[in-house]
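Novice: sequence below, structure please.
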Amino acid sequence: MEDIYEISMLLDFYGQLLTRRQYEILDLHYNNDYSLGEISELLGISRQGVHDTVKRAKASLYELEKKLGLVKRFSEQKARTRKLYEYFKQIEKESLSPTNRELLEKIESCFMDMTESL
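Specialist: Model prediction:
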């Protein structure tokens, strides 16, 4: 079974490059947890049509990621940011001057904002 998170990430990054119908079907299936049968009823197409669209759209997403690598770069950047923040938290603030401690607290606040937005 493919990783639902992975497909959702690919859909977030590249979904607008799919056809409107492909995007709609993948969004219903992976982000809204609709079954293929439910999607076919909702859209008035056969279950096989939904299955084929899912298969083609996923292949397109994987091909886009293979060529562009945006999700991979995003994930790597997120991991580096978290690692950097962990190193940052190890600094002994008590040994710093009041001015440096204040600067460190501002930097920490910026790191928190950055990591939360990723």
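Novice: could you use CA atoms for every contact and neighbour count after this?
Specialist: Noted.
Novice: pull the helix or strand with minimum mean pLDDT from the protein.
Specialist: Least confident helix or strand of the chain, by mean pLDDT, DSSP states H and E, is helix 98-117 with a mean of 84.
Novice: could you list the buried residues of that helix?
Specialist: By neighbour count on 16 or more other C-alpha atoms under 10 Å, the buried set for helix 98-117 is 104, 111.
Novice: how far off centre is that helix?
Specialist: 25 Å (C-alpha atoms, centre = their mean, to the nearest Å).
Novice: cool, stretch 55-65 as well?
Specialist: 15 Å.
Novice: related to what we said a few turns ago, what packs against the least confident helix or strand of the chain?
Specialist: Applying 3 or more C-alpha pairs under 8 Å, 6 or more residues apart in numbering; DSSP states H and E, we find helix 98-117 packed against helix 70-89.
Novice: only C-alpha atoms, please: export the helix it packs on in CSV.
Specialist: Below are the C-alpha coordinates for helix 70-89, written out as CSV (Å, rounded to 0.1, in the frame of the first residue of the first chain):
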residue,chain,number,x,y,z
LEU,A,70,10.3,19.6,-4.9
VAL,A,71,8.9,17.3,-2.2
LYS,A,72,12.3,15.7,-1.6
ARG,A,73,13.9,19.1,-1.2
PHE,A,74,11.1,20.4,1.1
SER,A,75,11.5,17.3,3.3
GLU,A,76,15.3,17.7,3.5
GLN,A,77,14.9,21.4,4.3
LYS,A,78,12.4,20.6,7.0
ALA,A,79,14.7,17.9,8.5
ARG,A,80,17.7,20.3,8.5
THR,A,81,15.7,23.0,10.1
ARG,A,82,14.6,20.7,12.9
LYS,A,83,18.2,19.5,13.4
LEU,A,84,19.5,23.0,13.6
TYR,A,85,16.8,23.9,16.1
GLU,A,86,17.8,21.0,18.3
TYR,A,87,21.4,22.1,18.3
PHE,A,88,20.3,25.6,19.0
LYS,A,89,18.3,24.5,22.1
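Novice: that helix: which residues count as buried?
Specialist: Neighbour counts using 16+ other C-alpha under 10 Å place 70-71, 78, 81-82, 85 of helix 70-89 among the buried residues.
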